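S.K.: starting from these lines, generate the structure:
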Amino acid sequence: MKSSTTEYQGWSAVRLATRRLELIAPIEFGPRILSLRSLAAGGNLMFEFPRDEGGSAGSQGFKLRGGHRLWHSPEHIVRTYQPDNDPLDVQLRAGGATLVASPEEKTGVQKSIGLSLVNERTVKVTHTLTNRGLWPVETAPWALTMMRRGGYGVVPLMPKGSHAAGDLLPTYSLVPWSYTDLSLTCWDLHTDFIGIDTRKAKVSQKLGLTNYPGWSAYWLDGVTFVKHAKVLPGATYPDGGCAFETFCNDTMIEFETLAPLARMAPGKSLTHVEHWGVLDGLERPSTDASFAKLAAAVAAWLRTC
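M.R.: Numbers count the residues shown, from 1 in each chain. Next up, the predicted model:
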């Protein structure tokens, strides 16, 4: 496992690699992660906007660019879309790196992403918001990962209970956005999971969950990306209580995890940790049987994190 500097799409970048996976993060803007791939299967799993649409380093205004990014929730047209076009402070270490941005001009919030190779197929991604302003801020770290269209996403549901056995209270809520339409064929509802067939996504869709087993997955071209973040029972989450959200349209799909809302005093920080896994050799998890195999593989993977 190693970390090094490299060039990616014409940008200076940090490369983290094992024998199983490779991750690339630019250092001329961000913090962002633009590429994640299985070395056994080839292509970038993440969605990227063409460079002429994504903007160059030093561009004016917010640029989506693609890949993975860190925001602070709740979403707001001004504070959420602050530019991140300036060079980063990069701290490179064996098997990892930390990417630190300058504080945002209009919010005083400073973002950083720490990357650590845990094992051959796992990356720990630590998201940190620090309040460099003069007043407390109520917010939550929000980690968004954009993946290429064409694959199949799954969000596992909480275990089923029994009314006869006395399960009288809800264990989670689904949170739709105003444009969410669960009758569309991109949504694939099963007993133990919600599937998302991105090949059938034609218009923007978004759905949140207040509680779930803590992981989601995306199968693409024979490679399965798994994203895990702990859910804290009883905590107050943004967006009607969402610990997880997914967004898709006709070009990509996003897997989003959120930390609980918290009051961040001046000089203080909030941290949100994800673990990413790249699993090879699994079936497209679009049936109950193939999902069960994925869930077993994820359970085994989580024991290694």
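
S.K.: can we go C-alpha only for contacts and neighbour counts from here?
M.R.: Will do.

S.K.: what ranges does the stretch 51-200 of the chain have for its helices?
M.R.: For the stretch 51-200 of the chain, applying DSSP state H, counting those that start in this stretch gives helices covering 51-54.

S.K.: shaky segments in it?
M.R.: By pLDDT under 70, the weakly predicted segments of the stretch 51-200 of the chain are 51-59.

S.K.: could you redo the last one with a cut-off of 80?
M.R.: Scanning the stretch 51-200 of the chain for pLDDT under 80 picks out the ranges 51-60.

S.K.: and the strands in it?
M.R.: 68-73, 89-93, 96-100, 109-119, 122-131, 137-148, 152-156, 174-176, 187-189, 193-197 (DSSP state E, counting those that start in this stretch).

S.K.: pretty sure Lys227 sits against Phe244.
M.R.: No: taking contacts as Cα atoms under 8 Å, Lys227 lies outside contact range of Phe244: 10.8 Å.

S.K.: so for those two, which sits in the more crowded spot?
M.R.: Neighbours were counted for Lys227 and for Phe244 using other Cα atoms under 10 Å; Phe244 has more, 28 against 23.

S.K.: what's the pLDDT at the more buried one?
M.R.: On pLDDT, Phe244 comes in at 98.

S.K.: and for the residue nearest to it when sequence neighbours are not counted, the neighbour number?
M.R.: The shortest distance from Phe244 to any non-neighbouring residue, by Cα to Cα, 6 or more residues apart in numbering, is to Thr257 (4.6 Å). Neighbour count for Thr257, taken as other Cα under 10 Å: 27.

S.K.: across the sheet, point out what pairs with Thr257.
M.R.: Applying DSSP bridges to Thr257 gives these bridge partners: Ala143, Phe244.

S.K.: quick check: it vs Cys248, distance?
M.R.: In this view, Thr257 and Cys248 are 15 Å apart by Cα to Cα, to the nearest Å.

S.K.: ok, now Thr107?
M.R.: Thr107 sits 28 Å away from Cys248, taking Cα to Cα as the criterion.

S.K.: for the closest residue to Phe291 other than its chain neighbours, give its distance to Thr122.
M.R.: Closest residue to Phe291 apart from its sequence neighbours, by Cα to Cα, 6+ apart: Pro285 at 4.6 Å. Noted for Pro285: a distance of 20 Å to Thr122, by Cα to Cα.
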